[in-house]
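Engineer: Predicted model and sequence follow; I will ask about them next.
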Amino acid sequence: MSIKSLRQLRGAGRVPAAILALLAPIVACSSGGDGGSGPPPPVVTVAKAPVSGDGQTGTVGQPLANPIRVLVLQDGQPEPGATVTWSAPGTGASVAPTSGVTDAQGLAEATWTLPQAAGARTASAAVAGATGSPVSFSATALPGPATQLALRSGNGQSGEVSTLLAIPLKVRAADQFGNGVAGIVISWQVTGGGGSVAPPTSTTDTSGATTAWTLGATVGVQSAEGAALGLTGSPVAFTATGTPPPPPTVEVSVGNNFFSPPGVTITTGTRVRWTWNSTGAIPHGVESTGVPSFTSSVVLTGNGSVYTFTFNTPGVYSYDCVVHGAAMSGTVTVN
């Protein structure tokens with residue numbers, strides 16, 4: 001009840017003046033004099049300490065060299081005894097302690113062990129109800145020492161003998177957690193079938209190291225390898241299949257009512273390729289006649305149509321157009 005209310009009651013004859021005089025100081029103190037509220041609640045803030053341990057670089061799975069630290073203030077003054085909760089995501093990551101209290105200077109710290117995966121990583125410190133909470137810390141996790149070597153790409157290809165394979169051979173060096181490790185020298189060599197690799201040595205980046213493999217003259221399986229001293233999985237073996245080169249080819253043009261040239265002379269193992277040129281919609285076919293014989297084509301229509309046959313047996317082979325007969329003929333002499 002306010003003094004004003006008491007005075008109104010006195011005016012109404014309900015409160016004696018002596019009692020009003022005794023109660024007035026008590027009412028005035030309890031009401032704050034002007035009817036206002038009490039003092040504001042304290043303001044608690046949390047932030048990185050002046051020496052915070054933020055932005056360090058370390059090795060995956062290992063504790064950072066320096067602790068991470070926060071400063072807790074109440075109304076701008078150090079706040080001892082404030083509870084700080086620490087956390088760090090990622091497989092293998094940890095902070096110790098996970099929870100602690102600030103000292104007399106308002107400081108708290110924890111040791112951060114980095115996760116097993118390399119790259120940019122984060123940890124945090126939280127104070128319940130504090131402005132600025134949670135506080136985030138960053139660090140860079142680097143791969144550990146290389147422990148293993150693995151095949152990445154280029155295995156199991158096939159290509160014409162004595163030619164460069166389309167895909168380079170690639171291996172990758174990694175630490176115990178599988179992070180790629182740069183700076184490892186790889187020695188390359190051919191182990192079967194002839195051929196060569198270039199360069200014979202290369203150095204890994206985090207994705208690996210490569211070399212180009214030119215096959216030898218061996219038809220069938222050929223082999224090569226990449227090695228790094230002391231690494232599990234080394235040497236890494238690669239295989240490839242060497243395929244025979246295509247036979248030499250002699251070209252014959254198929255026109256309307258003629259073959260050009262009408263007669264060709266070749267050696268055994270040579271391929272004859274008939275190509276339809278300027279024939280439009282008129283059909284033609286290569287038909288073997290006489291003895292020895294070869295496999296005839298089907299009837300083909302349209303410019304750019306192609307028929308091929310490889311002649312492996314000596315002899316004189318005669319042929320004509322299956323549509324136009326002897327009026328459109330030719331010969332292949334095989335020596």
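Structural biologist: Arrived safely, thanks for sending. Numbers count the residues shown, from 1 in each chain.

Engineer: Mind listing what's buried along stretch 63-77?
Structural biologist: Going by neighbour count (16 or more other C-beta atoms under 10 Å), the buried part of stretch 63-77 is 64, 67-73. For every residue, glycine as well, the C-beta is placed using N, CA and C.

Engineer: Next, format these as JSON lines and append pLDDT.
Structural biologist: Formatted as JSON lines, the entries for the buried residues of stretch 63-77 read as follows, by pLDDT from 0 to 100:
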{"residue": "64", "pLDDT": "98"}
{"residue": "67", "pLDDT": "98"}
{"residue": "68", "pLDDT": "98"}
{"residue": "69", "pLDDT": "98"}
{"residue": "70", "pLDDT": "98"}
{"residue": "71", "pLDDT": "98"}
{"residue": "72", "pLDDT": "98"}
{"residue": "73", "pLDDT": "98"}
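
Engineer: Tell me which entries of those residues lie within helices.
Structural biologist: The helices in this structure, assigned by DSSP state H, contain none of these.

Engineer: Next step: the residues you listed restricted to strands.
Structural biologist: With strands identified by DSSP state E, the entries of those that belong to them are 68-73.

Engineer: Quick check: the farthest pair among those?
Structural biologist: 68 and 73 (17.8 Å; C-beta to C-beta).

Engineer: thinking again about what came up before, closest one of the buried residues of stretch 63-77 to residue 256?
Structural biologist: Sorting the buried residues of stretch 63-77 by how near they are to residue 256, with C-beta to C-beta, puts residue 64 at the top with 83.4 Å.

Engineer: which residues sit in contact with the closest one?
Structural biologist: When contacts are counted by C-beta atoms under 8 Å, 6 or more residues apart in numbering, residue 64 is found next to 53, 56, 58, 111-114, 139.

Engineer: gap between it and residue 95?
Structural biologist: The span separating residue 64 from residue 95 equals 10 Å under the rule C-beta to C-beta, to the nearest Å.

Engineer: OK, contacts around the residue nearest the centre of the chain?
Structural biologist: By C-alpha atoms, centre = their mean, the mean C-alpha position of the chain lies nearest to residue 207, the distance being 8.5 Å. Counting by C-beta under 8 Å, 6+ apart, residue 207 makes contact with 152, 172, 180.

Engineer: do the same with residue 216
Structural biologist: Each residue near residue 216 by C-beta under 8 Å, 6+ apart is listed here: 161-162, 190, 193-196, 222, 242.

Engineer: Can I get these in TSV including secondary structure?
Structural biologist: Rendered in TSV, the data for the contacts of residue 216 read as follows (DSSP: H, G, I helix; E, B strand; the rest coil):
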residue	secondary structure
161	coil
162	coil
190	strand
193	coil
194	coil
195	strand
196	strand
222	strand
242	strand
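
Engineer: Can you tell me what sits against stretch 240-250?
Structural biologist: 156-162, 165, 193, 213, 215-224, 264, 266-267, 269-273, 308, 310.

Engineer: Type out the ChimeraX command that picks the buried ones from those residues.
Structural biologist: Those of the contacts of stretch 240-250 that meet the burial criterion (16+ other C-beta under 10 Å) are gathered into one ChimeraX selection, given here:
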select :157,159,161,165,193,213,215,216,222,224,264,266,270,271,272,310
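
Engineer: mind listing which of the contacts of stretch 240-250 are in strands?
Structural biologist: The subset of those that ends up in strands is 157-160, 213, 215, 220-224, 264, 266, 270-273, 308, 310, with DSSP E as the criterion.

Engineer: any idea of the pLDDT on residue 39?
Structural biologist: According to the per-residue confidence, residue 39 scores 86 in pLDDT.

Engineer: now residue 32
Structural biologist: Value for residue 32, per-residue pLDDT: 44.

Engineer: Next: residue 162.
Structural biologist: The predicted local confidence for residue 162 comes out at a pLDDT of 97.

Engineer: Next one: it from residue 312, what distance?
Structural biologist: When distance is defined by C-beta to C-beta, residue 162 is 22 Å away from residue 312.

Engineer: how deep is the closest residue to residue 83 other than its chain neighbours tucked in, by neighbour count?
Structural biologist: If the residues on either side of it in the chain are set aside, residue 83 comes closest to residue 101, at 5.6 Å by C-beta to C-beta, 6 or more residues apart in numbering. Residue 101: 13 surrounding residues under other C-beta atoms under 10 Å.
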